[in-house]
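S.K.: show me how the following folds:
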Amino acid sequence: MSESMVMIGTRKGLFLARSDDGRRSWRLEGPHLTGAEVASCAIDTRGERPRLLAGGFSWHWGPFLVHSDDLGATWHDPEHAAVAFPDDAEAAVRNIWQITPDGPERPDVVWAGSEPSALWRSDDGGTSFALVRGLWEHPDRPKWEPGGGGQTLHTILPHPTDDQLISVAMSTGGLYRSLDAGASWAPSNDGLEAGYMPEPPPPYGFCVHKVARDPVDHTRLFQQHHGGVYTSTDDGGSWQRIDAGLPADFGFPIVTHPRDAGTAYVFPLTADMDRTPPGGRCAVYRTRDAGDSWEPCDVGLPKDPFHVGVLRDAMCTDLQSPAGVYVGTRHGSVYASPDEGDHWDTIARHLPDVYCVRAAGIA
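M.R.: Prediction:
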């Protein structure tokens with residue numbers, strides 16, 4: 001029997017929403033990891049049984065990355081921290097902001113991103129991680145500055161078919177790309193605009209909020225920047241704006257459809273300090289043509305004036321058919337669309353501030 005699961009990481013613990021009737025109704029479990037800031041989570045379905053991974057920060061125990069192989073019934077907390085800098089790095093992990101399983105051809109590889117901005121690789125399914133020194137020792141690193149949420153590496157994009165290619169993004173540093181499996185890195189921010197940067201801007205220092213890869217054309221990327229929504233058709237080599245037709249060019253999350261080329265979703269917010277939906281309208285916006293046009297998707301979403309934001313990892317899609325889309329808000333509600341954004345239902349409310357949402361179908 002198959003079911004659907006949504007992991008919901010919040011400011012005070014992890015919650016699990018589960019559905020066994022085709023995503024028509026949901027039951028909520030939790031909190032797990034009580035009291036911890038769960039800033040990142042992942043559902044890894046590549047093995048014989050799914051593995052749940054969660055990372056974040058405990059005010060008592062410090063940063064953590066744990067996993068469960070029984071759908072959250074028990075959690076494995078390693079004796080030694082799964083993600084920790086070696087002594088010669090002279091740094092300490094503040095938080096785990098990203099967990100990304102690699103592709104099916106590399107079933108044991110899991111990536112993690114931390115604060116301060118560093119990339120970590122696991123070759124044992126997420127039990128232990130090693131620092132990717134090529135990025136940590138990059139000469140630009142001392143010039144990266146904290147964004148509003150800290151100096152965090154929040155996006156990891158391993159290439160689906162080429163294990164030598166991987167891109168990462170951080171606030172504020174920008175997008176960096178490796179062509180040699182992480183040994184060396186180069187900034188990939190040409191074409192981005194930023195009013196807070198000098199002219200001409202340096203190749204680093206851009207406040208990238210989130211980046212997603214097209215599921216069909218793997219050289220196409222979508223980016224929600226601090227100011228502007230962009231696409232790249234050369235794997236991040238250059239960027240072009242695609243935010244005409246959106247009510248605002250600011251926002252945090254951007255996700256792509258799991259199968260349809262050119263389809264992406266954003267949640268626009270007014271810039272810069274307001275950071276609430278334009279006009280108080282709660283709406284996800286969808287493009288089906290790589291940003292040439294956008295349409296609001298809000299049937300079933302709250303109709304009252306809505307003044308709540310969505311964080312960069314609090315939106316996702318699943319791999320089911322039709323694809324599900326999920327959004328978690330800063331006032332603790334989670335909305336789910338079982339039909340690619342056409343209609344929405346509320347699957348959780350009155351939770352703590354939602355940091356991250358991940359969804360999958362599981363056996």
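S.K.: tell me the contacts of the residue nearest to the spatial centre of the chain?
M.R.: What sits nearest the mean C-alpha location of the chain, by Cα atoms, centre = their mean, is D313, with 3.8 Å. Listed by Cβ atoms under 8 Å, 6 or more residues apart in numbering, the contact set of D313 reads G9, A39, S40, W97, Q98, H154, K210, P253, Y355, C356, V357. Backbone N, C-alpha and C define where each C-beta goes, glycine included.
S.K.: cool, and A359?
M.R.: A359 makes contact with S4, M5, V6, M7, I43, C316, T317, D318, G324, Y326, A336, according to Cβ under 8 Å, 6+ apart.
S.K.: looks like the last one contacts A323 (just checking).
M.R.: Read that as A336. No. Counting by Cβ atoms under 8 Å, A336 stays clear of A323, with 11.4 Å between them.
S.K.: and the strands in the stretch 101-250 of the chain, which stretches?
M.R.: Applying DSSP state E, counting those that start in this stretch to the stretch 101-250 of the chain gives strands spanning 110-115, 118-122, 130-131, 152-158, 166-171, 174-178, 186-187, 208-213, 221-225, 228-232, 240-241, 250-256.
S.K.: ok, which of the ones you listed comes nearest D140?
M.R.: strand 186-187 (6.7 Å; Cβ to Cβ).
S.K.: neighbour count winner among A336 and A323?
M.R.: For A336 versus A323, the count of surrounding residues by other Cβ atoms under 10 Å is larger for A336: 25 against 21.
S.K.: the more buried one bridge partners, please.
M.R.: Counting by DSSP bridges, A336 is bridged to Y326, D345.
S.K.: what does the pLDDT read for it?
M.R.: pLDDT for A336: 98.
S.K.: before we move on, the earlier item: report the two of the contacts of D313 separated the most.
M.R.: Using Cβ to Cβ, the two most remote members of these are G9 and K210, lying 15.5 Å apart.
S.K.: more neighbours, the two?
M.R.: The neighbour comparison of G9 against K210 (other Cβ under 10 Å) goes to G9, with 30 against 22.
S.K.: please give the element, helix or strand, for the more buried one.
M.R.: For G9, the host element (DSSP states H and E) is strand 3-10.
S.K.: can you give me the angle the next helix or strand after that strand makes with strand 3-10?
M.R.: Reading on from strand 3-10 to the C-terminus, the next helix or strand found by DSSP H and E is strand 13-19. Computed by axes from the mean of the first three to the mean of the last three Cα atoms, to 10 degrees, the angle separating strand 13-19 from strand 3-10 equals 160 degrees.
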